[in-house]
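A.B. asks: here is my input, please return the structure:
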Amino acid sequence: MREDIPKEVVAVADSLEGAGFEAYLVGGCVRDLLLGRTPKDWDLTTNAKPEEIQALFPETYCNNDYGTVGVVNEETTDLRLKVVEVTPYRSEGEYSDRRRPDKVEFGVSLEEDLKRRDFTVNALAYRPKDEKFVDLFDGEGDLRKKRLKTVGNPDERFGEDALRMMRAIRLAAELNFAIEAETMASIAKNAELLSHISTERIRDEFLRIINSESPMLGLAMLEKLGLLQYVLPELRDAIGCEQGGIHAYDVYEHLLRSLQAAADKGYSTEMRLAALLHDIGKPITRREGGKNKRYTFFGHEVVGARMTAKLMKRLKMPVEIANGVEILVRWHMFFADPDAITLSAVRRTIARVGEENMEDLLNLRVCDRIGTGRPKEQPFRFRKYKAMVDQARRDPVSVKMLKTDGDKIMVQTGEKPGKKLGYLLHALLEEVLEDPARNTEEYLDNRVAELIKLDEGSLKELGEAGKERQQAEEEAAIKEIERSHKVG
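C.D. replies: Down below sits the predicted model:
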């Protein structure tokens, strides 16, 4: 096993041992090594105190309450090994705020250090010097059984740090483990304690569940054990919200299955969140349908986008993720019958969504379809629409792609910077979206000379006017791209 440990980590351990201290790998890295997984982090624990650790290495830092020392290695090119963390053995006092210990004591035994850990599979230690394992709580046995179990009394462990309840579910989703019965019962019993945990910590653990191999399992367990109401209460409204029609599942299960589809395809955090939230507005907008439809959900994408924006803000998500997810939720209903839609309409969709989001929007549609329970991911109609998107991508879809700009128009017309200039540019874009052949300097210069005579209100109306249909002359262009996608 020593040969599986990076030389940078072994070097730190050897330096500690050479100075007369003990040095053990501990926690998740030992667990992952035994499972044949590549550890994301390498953590060492020792009987040396923080100041004794720092004295052994030329470059270190220690800026936390737990005595963890970061040993810096500038020579490695592996970013994961630039800093190897070394933490003194420690015991902990009471957790009066259910988040962090009131008192930390350094220099106790390895046994005392392992007793304070959350789960048996994380309470394993390995000494590189003599390849000795320390397993006080049969963590290796639980690894073989693929079981998560707390170290000692689960009520006490979750009372110390309520986030451990989410961590249990996250590890189950990451490792495809089962949670031991007593541990699971304790989570359900103590679920309310999660309300004492900061939004940031809940968000981070939630995102790790979302990014796991089995996020559907993770979300289902959050709900089953009573934690979802403290993480994403909006999702609970989807439980039992039947859809009818092509949908085999209620909105809740549909969203979880769409999320799992995104995970199975290895999609980004943003995509996974969009898959989970794309129909979040359906419970609010559901109405009884007519003869052919059991229910309708008119405007659910607009309502869902607003809900998404609010919950992203509440969870303090990074702005770039929040904005991206909101866009995908808002426009996930872009798909229409390609026999009735036009290239100009597709160009407008790209202009609204942003070309950088278009691939995600198409992929979200695939996840959405898988989540309905339908076997075929990309039927003919969808492949045809993708062909139209490819065609439209070759055309101008934003103001910055016009063969003119604000500076040129100001020189040409004497117009000052302001709203009118912006409306004029968008009016020109509308014309080019309708017919990309108009995107020439000559055409746009002539149109600028005409449009500048209009008042600000008229220009605004032109700039915001959507075009409904493209003329039949586009069909030839569509046919060409259809053939390349084998849909013609």
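A.B. asks: every contact and neighbour count from this point should use C-alpha atoms.
C.D. replies: Will do.
A.B. asks: over to E85. Which of the three states is it?
C.D. replies: strand (DSSP: H, G, I helix; E, B strand; the rest coil).
A.B. asks: contacts only, for it.
C.D. replies: Residues in contact with E85, defined by CA atoms under 8 Å, 6 or more residues apart in numbering, are W42, D43, L44, T68, V69, G70, V71.
A.B. asks: type out the PyMOL command that picks the buried ones from those.
C.D. replies: Selection of the buried residues among the contacts of E85 in PyMOL, burial being defined by 16 or more other CA atoms under 10 Å:
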select buried, resi 42+43+44+68+69+70+71
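A.B. asks: any regions of this protein where pLDDT drops low?
C.D. replies: 92-104, 107, 290-293, 336-340, 375-379, 394-397, 465-488 (pLDDT under 70).
A.B. asks: returning to what we had before: specify which member of the contacts of E85 is nearest to M271.
C.D. replies: W42 (29.3 Å; CA to CA).
A.B. asks: the closest one against L25, yeah?
C.D. replies: Yes. Using CA atoms under 8 Å, W42 is in contact with L25, at 7.2 Å.
A.B. asks: break this protein into its domains for me.
C.D. replies: 2-137, 146-231, 245-393, 399-472 (automatic domain parsing).
A.B. asks: would you turn these into CSV with distance to A238?
C.D. replies: Formatted as CSV, the domains of the chain follow (distance: least, CA to CA, whole Å):
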stretch, distance to A238
domain 2-137, 31
domain 146-231, 12
domain 245-393, 5
domain 399-472, 33
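A.B. asks: between those, which one is closest to D237.
C.D. replies: Of those, nearest to D237 by CA to CA is domain 245-393, at 6.5 Å.
A.B. asks: between the two ends of that closest one, how far is it?
C.D. replies: 33 Å (CA to CA, to the nearest Å).
A.B. asks: so L143 touches A123, yeah?
C.D. replies: No. Applying CA under 8 Å as the test, L143 and A123 come out as separate, 11.4 Å apart.
A.B. asks: who has more neighbours, those two?
C.D. replies: Between L143 and A123, counted using other CA atoms under 10 Å, the more crowded position is A123 (27 against 19).
A.B. asks: what sits against that one?
C.D. replies: Counting by CA under 8 Å, 6+ apart, A123 has contacts V26, G27, L114, K115, R117, D135, L136, F137, G139, V151.
A.B. asks: what's the farthest-apart pair in the residues you listed?
C.D. replies: Most distant of the contacts of A123, by CA to CA, are V26 and V151, 14.5 Å apart.
A.B. asks: sorry, back to before: got the contacts of A123 as a markdown table, with distance to D455 and secondary structure columns?
C.D. replies: Formatted as a markdown table, the contacts of A123 follow (distance: CA to CA, whole Å; DSSP: H, G, I helix; E, B strand; the rest coil):
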| residue | distance to D455 | secondary structure |
| --- | --- | --- |
| V26 | 71 | strand |
| G27 | 69 | coil |
| L114 | 75 | helix |
| K115 | 76 | helix |
| R117 | 70 | coil |
| D135 | 79 | strand |
| L136 | 80 | coil |
| F137 | 79 | coil |
| G139 | 75 | helix |
| V151 | 74 | coil |
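A.B. asks: any of the residues you listed buried? List them.
C.D. replies: For the contacts of A123, a burial check counting by 16+ other CA under 10 Å picks out V26, G27, L114, K115, R117, D135, F137, G139, V151.
A.B. asks: for these, which one is nearest R272?
C.D. replies: G27 (28.3 Å).
A.B. asks: shouldn't the closest one be in contact with N122?
C.D. replies: Yes. Look at G27 against N122 with CA under 8 Å: they come within range, at 4.3 Å.
A.B. asks: helices along the stretch 301-450 of the chain, start to end?
C.D. replies: Using DSSP state H, counting those that start in this stretch, the helices found in the stretch 301-450 of the chain span residues 319-330, 343-353, 355-371, 380-393, 406-413, 419-434, 441-451.
A.B. asks: now for the shortest one, which elements pack on it?
C.D. replies: Pointing back at helix 406-413 there. In terms of contacts (3 or more CA pairs under 8 Å, 6 or more residues apart in numbering; DSSP states H and E), helix 406-413 is packed against helix 419-434.
A.B. asks: quick one: distance of stretch 209-219 to the chain centre.
C.D. replies: 11 Å (CA atoms, centre = their mean, to the nearest Å).
A.B. asks: same check on stretch 260-274?
C.D. replies: 7 Å.
A.B. asks: so for that stretch, what gets flagged as buried?
C.D. replies: Buried, per 16+ other CA under 10 Å, within stretch 260-274: Q260, A261, A262, A263, Y267, T269, E270, M271, R272, L273, A274.
A.B. asks: helix/strand/coil for the fourth one?
C.D. replies: Secondary structure of A263, reduced to three states by three-state DSSP: helix.
A.B. asks: now swap in the first one and tell me
C.D. replies: Under three-state DSSP, Q260 falls in the helix class.
A.B. asks: can you pull the contacts of H300?
C.D. replies: D279, I280, G281, K282, I284, T285 are the contacts of H300 under CA under 8 Å, 6+ apart.
A.B. asks: of the residues you listed, closest to Y61?
C.D. replies: Using CA to CA as the measure, the one of the contacts of H300 that approaches Y61 most closely is I280, at 44.8 Å.
A.B. asks: how much space separates the spatially closest residue to V26 that is not a sequence neighbour from E192?
C.D. replies: Of all residues not flanking V26 in the chain, A125 sits nearest, at 4.5 Å (CA to CA, 6 or more residues apart in numbering). A125 is 32 Å from E192, where distance means CA to CA.
A.B. asks: so those two - more neighbours on which side?
C.D. replies: A125 (25 against 14).
A.B. asks: for the helix or strand containing the more buried one, packing partners?
C.D. replies: When secondary structure is defined by DSSP states H and E, A125 falls within strand 124-127. Contact here means 3+ CA pairs under 8 Å, 6+ apart; on that basis strand 124-127 packs against strand 23-26, helix 28-35, strand 132-135.
A.B. asks: helices of the stretch 151-300 of the chain, residue ranges please.
C.D. replies: Using DSSP H, counting those that start in this stretch, helices in the stretch 151-300 of the chain cover 154-160, 163-175, 181-190, 199-210, 215-224, 233-236, 251-264, 269-277, 282-285, 300-314.
A.B. asks: could you provide these in a markdown table, with additional columns for distance to R369?
C.D. replies: Below are those laid out as a markdown table (distance: least, CA to CA, whole Å):
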| stretch | distance to R369 |
| --- | --- |
| helix 154-160 | 39 |
| helix 163-175 | 23 |
| helix 181-190 | 33 |
| helix 199-210 | 19 |
| helix 215-224 | 16 |
| helix 233-236 | 19 |
| helix 251-264 | 8 |
| helix 269-277 | 11 |
| helix 282-285 | 16 |
| helix 300-314 | 16 |
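A.B. asks: measure the residue nearest to M184 when sequence neighbours are not counted to L219 for me?
C.D. replies: Spatial nearest neighbour of M184, excluding adjacent residues (CA to CA, 6+ apart): L225 at 7.5 Å. As for L225, its distance to L219 is 10 Å (criterion: CA to CA).
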